[in-house]
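J.: here's my sequence, what's the structure:
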Amino acid sequence: MKSIWITGANGQLGIELQRRLKRRRGVFATDAELDICDATAVRGFIAEHDINTIVNCAAYTNVEAAEENAELCYKVNENGVKVLAEAAAEAGAALVQISTDFVFDGRKKTPYKESDSPAPLSVYGASKLAGEAAMQKTGCRGVIIRTAWLYSPYGKNFMKTMAKLGAERESIGVVCDQIGSPTAADSLAAAIARIADRIGDRRGEVYHFTGNGPCSWADFAAAIMHCAGSRCRVDNIKSDEFPQKATRPKYSYLDCSKIARDFGIETEPWQSALERNWRRYKRL
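T.: Next up is the predicted model:
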């Protein structure tokens, strides 16, 4: 049985991956106790546990804070990936790197394909793109999976925030002019688990994986209120009515046909994934 190392294991994707792989032997999970920017520690861990595949869920993901903490953001999202990729290449291991729809500028009006040129608008998006490039430059085996709007019953995310606000307020304004697709972390974890043993000789190849179907943040919020049975009204607002430090892409819906073609992985309608994860959340 091949050994898998999950970094960033305490995040929502890391937790879902551990749940998905809990019956599998040879799964190792680390979080802050092992700094992915520490090349010596990374190489030592890979050698000690004979790691065959690394799934890098560790990232600096605070989009707003990244605008004022660019150095730290790049340290984790670019240099950390470089360290993992170099160590993987030396050991003959593969790397699954998680990236983001924020590598695009959102000027398209049709779903973004892997072949479309990135043009990030934020420090976070730029740092994740730099991480992709750092991995590809090493030539290590592995794939890059871009995803978007990740949520789960665990950690801090939009589903849980909206549920809390819906229980406290009569109405809430949510941005309606940013279009993408919510991605359930358990769905992404299932895709990663399927891909992990089938990477072969792919080297830094990019894939997209999100929920199936475009929506706005306001649409997503309204669906969450429906799941929660909340009477809280969702009011549509424009991005410029909700000023933020980081610029978000207005349209970042990802075309996921390539991952279906190469791995047989079909994406789930975001609405049904939300209903399932809401039921899971309420059981916790």
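J.: remind me, longest helix of this protein?
T.: helix 123-138 (DSSP state H).
J.: what's that helix in contact with?
T.: Residues outside helix 123-138 that contact it (C-beta atoms under 8 Å, 6 or more residues apart in numbering) are 59-63, 66-67, 70, 73-74, 76-82, 84-86, 88-89, 95, 97, 99-100, 102-104, 118, 120, 142, 144, 203-204, 206, 246, 249. From N, CA and C alone the C-beta is placed, and that goes for glycine too.
J.: give the buried residues for it.
T.: Neighbour-count burial for helix 123-138, counted by 16 or more other C-beta atoms under 10 Å, picks out 123-132, 134-136, 138.
J.: circling back: just the ones of the contacts of helix 123-138 in strands?
T.: L95, Q97, S99, T100, G142, I144, R203, G204, V206 (DSSP state E).
J.: name the member of those with the most neighbours.
T.: Taking other C-beta atoms under 10 Å as the neighbour criterion, G142 ranks highest of the ones in strands among the contacts of helix 123-138 with 29 neighbours.
J.: okay, and the beta partners of the nearest residue to it once chain neighbours are set aside?
T.: Once flanking residues are discounted, G142 sits nearest to L95: 3.6 Å by C-beta to C-beta, 6 or more residues apart in numbering. Note on L95: beta-bridge partners I54, G142, judged by DSSP bridges.
J.: check L95 and give its pLDDT.
T.: pLDDT, L95: 98.
J.: thought it was touching K82?
T.: No: shown here, L95 and K82 do not form a contact pair, counting by C-beta atoms under 8 Å, at 10.6 Å.
J.: now do the contacts for the residue located most distally from the centre of the chain.
T.: Centroid-distance maximum for the chain: E170 at 31.3 Å, with C-alpha atoms, centre = their mean. When contacts are counted by C-beta under 8 Å, 6+ apart, E170 is found next to R231, C232, R233.
J.: what of R169?
T.: C232.
J.: quick revisit: and the residue farthest from the centre of the chain, how close does it get to R231?
T.: For E170, the distance to R231 equals 8 Å [C-beta to C-beta, to the nearest Å].
J.: do the same with S117
T.: Applying C-beta to C-beta to S117 and R231 gives a distance of 44 Å.
J.: which residues touch A87?
T.: A39, V42, R43, I46, A93.
J.: again with A218
T.: By C-beta under 8 Å, 6+ apart, the neighbours of A218 are V174, V175, C176, V234, D235, N236, I237.
J.: which of the three states applies to the first one?
T.: Under the three-state scheme (DSSP: H, G, I helix; E, B strand; the rest coil), the conformation of V174 reads as strand.
J.: who does it form a beta bridge with?
T.: Applying DSSP bridges, one finds that V174 bridges with N236.
J.: in this structure it contacts A223, no?
T.: No: counting by C-beta under 8 Å, V174 stays clear of A223, with 11.2 Å between them.
J.: ends of stretch 111-118, how far apart?
T.: 13 Å (C-alpha to C-alpha, to the nearest Å).
J.: tell me the average confidence for that stretch?
T.: On average, stretch 111-118 scores 98.
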